[in-house]
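Next comes the sequence, and after it the predicted model I'd like to discuss.
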Amino acid sequence: MEEMEKYWLWLCSARGLYHSHISQLIKFYKTPRAVYEASGTSMKIWREKGALWVDRLTVFRKSYSAEAVCHRVRTKRIEFISCQAPGFPGRLKAIRECPFGLFYRGNLPSDTAPSIAVVGARNCSAYGKAMAGEIGGMLANAGAQVISGLAAGIDSQAQKGAVMSGGASYGVLGSGPDLCYPRENQYLYEMLPEKGGILSEFPPGTPPLPGHFPMRNRIISGLADSVVVVEARERSGSLITADLALEQGRDVYAVPGRCLDALSLGCNRLIDQGAGVVVSVKGLLEALHLDGKTEKKESKHELGLAPEEKRVYSNLDLLPKGLEELARASDLPVKSLGGILLRLQLRGLAQEVSKNHYARLK
C-alpha cells in the first residue's frame, strides 16, 4: 500500500469520525499524515472549539498505529481506496461530500458501464418485490450495473434479480463492510463480491446505526446515472435518496401505484414533482437508453428447476393467483402444487401473499 493510502486508511478507520469531522481536519492539517503526526497540543484546539469527536480521535491515535490498522483491515480481507487514489469511482468524485475513502469487498463499480440505482421500501408488497426483481434482472441483461443498499425488500430483490441474470450489482452499506445487515440477506451479501461488490465509507466493525443510512444514501445515488424508486412511503429513506439524486444531477424514475396505497404515496409524489414514470420495464430501458434486447442468460433456465417447478413458476405473476387458477394454467392437480410452491418459496422465487394465493418474486 502506498504511503499516502496508508494514512488515508488510518484516518478513515477512526470509529465515530464522520465526513464532516474529517473534512475539518483535512482543511486544517492539509493531509491525513499530518493529522496522524499532529502534536497533542494542536489537538487541544479542537477541544477548545467544542468538537466532541476529538476525544474519540485522541483515543484512536493512542491505540492504533497506521501499520496496525493496515494489518487489521488486511486480515479481514477488506480492500480500501481513498478519494485521491487512481481507480476511485469517478461518479463519486463529482458529488458534494464525496467520501474520503471506501472500504470494499469484491470490486468497485465500473466508470464506463451504465449504472442504475434501484431503491424502495423495506416492508414492501409482493408486487413491489416482483417489480424490483424484474427491473434488476432486465437492467443486468441490458448491461447495466445495479446499485442499491442491500436492505430488506426492494433493494435486495433488485440486486438478486441482477445477479441471478448474470449481471453485476453493488451493495452500499450503512455499517462496516464486514457486517451484513439485515442478517436475512447473508446469502446475497456473500454472493455480491463475486458478482460485483460490497462498499461502505464506514470502517470494519461499525454497527448499522440509524444515522448511517441517510449518509450512505448519497453514495447510492452518487454511484448511479439514474435512480429508480419502486415503492416508497410518503416519508422514507428512498425519497432521501431520490432528493440526493436530483441534487447530484441524476434522473429519477418512479413506479406508480394506487392513490390509497401507503407504499405508493412516495412514488406518486415523485411523479407529481416531475420524476419519470415507469409504465413498463421495456419503457424504462428505452428511457435509460439501454438495449433491452441484449439478453445474457435467461434466469429461470439457470435456476435448476425441475420440469413441474418450471411450469408453475412460469405461470406465476406479479399479482397473486389462487391454487385453482395455477392448477389450470400449469395443467397440474391442485394437490401437487403445495410441495412445488413451497420449494419455489424456499428458493426465493415465490411468496404466499394471502392464504393459498401466490405471487412471483423474480
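Arrived safely, thanks for sending. Note that the coordinates shown come from a computational prediction; the quantities given were computed from them, not determined experimentally. Residues are numbered from 1 along each chain as shown.

you'd agree Gly16 is up against Asp55?
No. Distance between Gly16 and Asp55: 9.7 Å, which falls outside the contact criterion (CB atoms under 8 Å). C-beta here means a position set from N, CA and C on the backbone, and glycine is covered the same way.

Once you drop chain neighbours, what's closest to Ile154?
Counting by CB to CB, 6 or more residues apart in numbering, Ile154 lies nearest to Gly120, which is 2.8 Å off, once chain neighbours are set aside.

nope, Gly176 is what I meant
With CB to CB, 6+ apart as the measure, Thr206 is the residue that lies nearest to Gly176, at 4.0 Å, once sequence neighbours are left out.

Is that neighbour part of a helix or strand, or is it coil?
Using DSSP: H, G, I helix; E, B strand; the rest coil, the structure places Thr206 in coil.

I'd like the distance between it and Val281.
Applying CB to CB, to the nearest Å, one obtains 36 Å for the distance of Thr206 from Val281.

More neighbours: which of the two?
Thr206 (21 against 18; other CB atoms under 10 Å).

contacting residues around that one?
Arg15, Ser175, Gly176, Leu179, Ser200, His212 (CB atoms under 8 Å, 6 or more residues apart in numbering).

Just those: which are in strands?
Judged by DSSP state E, the subset of those located in strands is Ser200.

so which of the contacts of Thr206 comes closest to Asp225?
Using CB to CB, Ser200 comes nearest to Asp225 of the contacts of Thr206, at 21.3 Å.

which non-adjacent residue is nearest Gly149?
Taking CB to CB, 6+ apart, and ignoring the residues beside it in sequence, Gly149 has Asp155 as its nearest neighbour in space, at 4.7 Å.

from what I can see that neighbour touches Ser148, true?
Yes. Under the criterion of CB under 8 Å, Asp155 lies in contact with Ser148, with a separation of 4.1 Å.

Show me the strands in the stretch 251-362 of the chain, by range?
Along the stretch 251-362 of the chain, the segments classed as strands by DSSP state E, counting those that start in this stretch run 251-254, 276-277, 321-322, 350-354, 357-360.

My guess is Ser169 contacts Ala140. True?
Yes. Using CB under 8 Å, Ser169 is in contact with Ala140, at 7.4 Å.

of Gly16 and Asp55, who's got more company?
Neighbours of Gly16 and Asp55, each counted by other CB under 10 Å, are more numerous for Gly16; the result is 16 against 13.

what sits in contact with each of Ser169 and Ala140?
With contacts taken as CB under 8 Å, 6+ apart, Ser169 and Ala140 have Val146, Ala162, Val163 as neighbours in common.

Could you save those residues as CSV and add columns showing neighbour count and distance to Leu326?
Below are these laid out as CSV (neighbours: other CB atoms under 10 Å; distance: CB to CB, whole Å):
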residue, neighbour count, distance to Leu326
Val146, 33, 30
Ala162, 32, 27
Val163, 21, 27
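
Same list, those residues, but as a markdown table with pLDDT and secondary structure please.
Shown next, in a markdown table, are the shared contacts of Ser169 and Ala140 (pLDDT from 0 to 100; DSSP: H, G, I helix; E, B strand; the rest coil):
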| residue | pLDDT | secondary structure |
| --- | --- | --- |
| Val146 | 98 | strand |
| Ala162 | 93 | helix |
| Val163 | 90 | helix |
